[in-house]
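A.B. asks: Okay, predicted coordinates and the sequence, questions at the end:
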Amino acid sequence: MIGLRTEANERFFVAEAERIAELSLRLAERFLAGGRLLAVGASPQDRSDAHHVAVEFVHPVIVGKRALPALALRADELTLHAEPGDAVIAFGLPVNALRGCLTIGFAPGAAEWEFEPPTDDPFVRQELVETLYHVLWESVHVFLEHLGSSGSGAGSSGFLYPFLERGEVDLDAVLEDVARSVVLKAHEVGELRERTIGDGTEVAVAAAALRERLDAGGKLLAFGNGGSATDAMDVVADLQTAGRRALDLTADAAVLTALANDVGPEVLFQRQIIAHGREGDVALAISTSGGSANIIAALAEARRRGLETIAIIGYDGGRIAAEQLADHMVVAPSEYIPRIQEAHATAYHLLCERVSVGRAARKTELARA
């Protein structure tokens with residue numbers, strides 16, 4: 001399965017590298033002219049991608065990079081908010097009719113800028129699309145710097161006339177460099193997926209434990225911060241679509257803001273484990289660092305309450321791996337957050353695939369009985 005992903009990944013990004021570089025330039029121009037990036041999704045899985053786009057652009061993980069205006073919207077909100085000069089990235093729906101907007105989509109006829117992943121597998125398609133919008137985010141900052149945007153936050157008065165200096169920049173050379181970088185990044189994530197999944201044993205064992213608990217009437221409680229919160233959204237959407245019981249502990253803004261304001265962010269997920277976790281359930285923690293205080297507190301609470309614990313983590317596994325704070329751990333051994341998150345998507349997709357296959361097999365057994 002990793003081999004199929006690697007082949008599709010290489011084929012897609014080699015074919016699209018030049019267009020991705022050109023689109024990154026066009027997005028940078030929109031941002032410098034005061035435009036926003038609006039992300040919209042049709043299905044629950046699509047909406048997890050829309051929220052992932054928004055959090056990556058608004059909250060830059062590269063120190064000193066500019067926070068860019070991005071919003072995740074429902075489909076019915078798009079026409080209310082879209083303005084000429086904005087850019088729109090749409091998951092699972094067409095966005096051709098937005099006058100003055102640059103539009104990006106992932107199916108034929110869906111948008112001005114169409115990207116069609118070369119696979120019918122919905123999980124692999126989503127993973128390729130995630131890499132694409134991560135690469136766009138990375139490359140936009142390259143063009144912002146070359147077009148005169150080198151500060152963070154709102155920028156200086158130099159941003160008012162960004163294109164007056166355009167003659168001083170060899171944009172053709174920058175476009176070529178960015179296109180080469182796109183291919184390199186795609187190769188990097190392909191290698192990281194292989195190191196993360198390995199022979200598949202860790203994912204298989206975690207999936208078997210999850211499937212056993214779900215089959216016995218338990219539920220999954222998924223949680224994470226930032227981009228990992230959108231991963232939790234996606235896992236829960238996938239499992240619920242397959243008819244499995246799953247809760248997204250990042251979903252309720254009222255609960256999260258109440259806990260953060262009245263107690264502190266370290267209890268965001270721990271308190272919800274107390275409220276919703278039962279012996280026989282499974283807690284799934286997703287963390288790029290493996291050391292977030294609220295993730296560690298939630299895992300500890302889950303163990304106290306008899307939940308099976310699974311952690312999908314990055315770097316060297318952080319405290320979670322060093323202190324063996326989860327029963328099952330899948331580690332993406334990298335220090336670069338976008339690539340970690342892309343490998344994490346493969347890990348939890350494989351987890352969901354194995355759980356769904358197990359459910360289908362069980363239905364077949366019952367039908368034969």
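C.D. replies: Structure received. Numbering: from 1, shown residues only.
A.B. asks: switch to C-alpha atoms for all contacts and neighbour counts from now on
C.D. replies: Noted.
A.B. asks: And residue 114, how close does it get to residue 56?
C.D. replies: Distance, residue 114 to residue 56, by C-alpha to C-alpha, to the nearest Å: 21 Å.
A.B. asks: Out of the two, name the residue with the larger neighbour count.
C.D. replies: residue 56 (20 against 15; other C-alpha atoms under 10 Å).
A.B. asks: Now name the helix or strand holding that one.
C.D. replies: helix 44-58 (DSSP states H and E).
A.B. asks: what's the following helix or strand after that helix?
C.D. replies: Using DSSP H and E, the next helix or strand after helix 44-58 towards the C-terminus is strand 70-73.
A.B. asks: what's the spacing between the following helix or strand past that next one and its chain's center?
C.D. replies: Next helix or strand after strand 70-73 toward the C-terminus (DSSP H and E): helix 78-81. On the basis of C-alpha atoms, centre = their mean, to the nearest Å, helix 78-81 sits 24 Å off its chain's mean C-alpha point.
A.B. asks: helices and strands around helix 78-81, which ones?
C.D. replies: If you count contacts as 3 or more C-alpha pairs under 8 Å, 6 or more residues apart in numbering; DSSP states H and E, helix 78-81 packs onto no helix or strand.
A.B. asks: so where do the helices sit in the stretch 151-300 of the chain?
C.D. replies: Assigned by DSSP state H, counting those that start in this stretch, the helices in the stretch 151-300 of the chain fall at 171-197, 201-215, 227-241, 253-262, 270-276, 293-304.
A.B. asks: most packed of those?
C.D. replies: Comparing the helices of the stretch 151-300 of the chain by mean neighbour count (mean count of other C-alpha atoms under 10 Å), helix 227-241 ranks first with a mean of 23.
A.B. asks: neighbouring contacts of it?
C.D. replies: 44-45, 48-49, 51-52, 55-56, 220, 222-224, 245-248, 250-251, 286-288, 341, 345, 348-349, 352, 356 (C-alpha atoms under 8 Å, 6 or more residues apart in numbering).
A.B. asks: Counting only strands, which of the residues you listed make the cut?
C.D. replies: Among the contacts of helix 227-241, DSSP state E puts 220, 222, 223, 224, 246, 247, 248, 286, 287 in strands.
A.B. asks: Give me the domain ranges for the chain.
C.D. replies: Here the domain parsing of the chain from automatic domain parsing is 2-194, 198-368.
A.B. asks: chain center to stretch 236-247, what's the gap?
C.D. replies: Stretch 236-247 sits 18 Å away from the centroid of its parent chain (C-alpha atoms, centre = their mean).
A.B. asks: Equivalent analysis for stretch 22-42, please.
C.D. replies: 18 Å.
A.B. asks: what sits up against that stretch?
C.D. replies: Stretch 22-42 has contacts (C-alpha under 8 Å, 6+ apart) with 46-51, 53-54, 68-75, 78, 82, 85-93, 113, 136-137, 139-141, 143-144, 159-160, 162, 175.
A.B. asks: what about that stretch, how long is it end to end?
C.D. replies: 26 Å.
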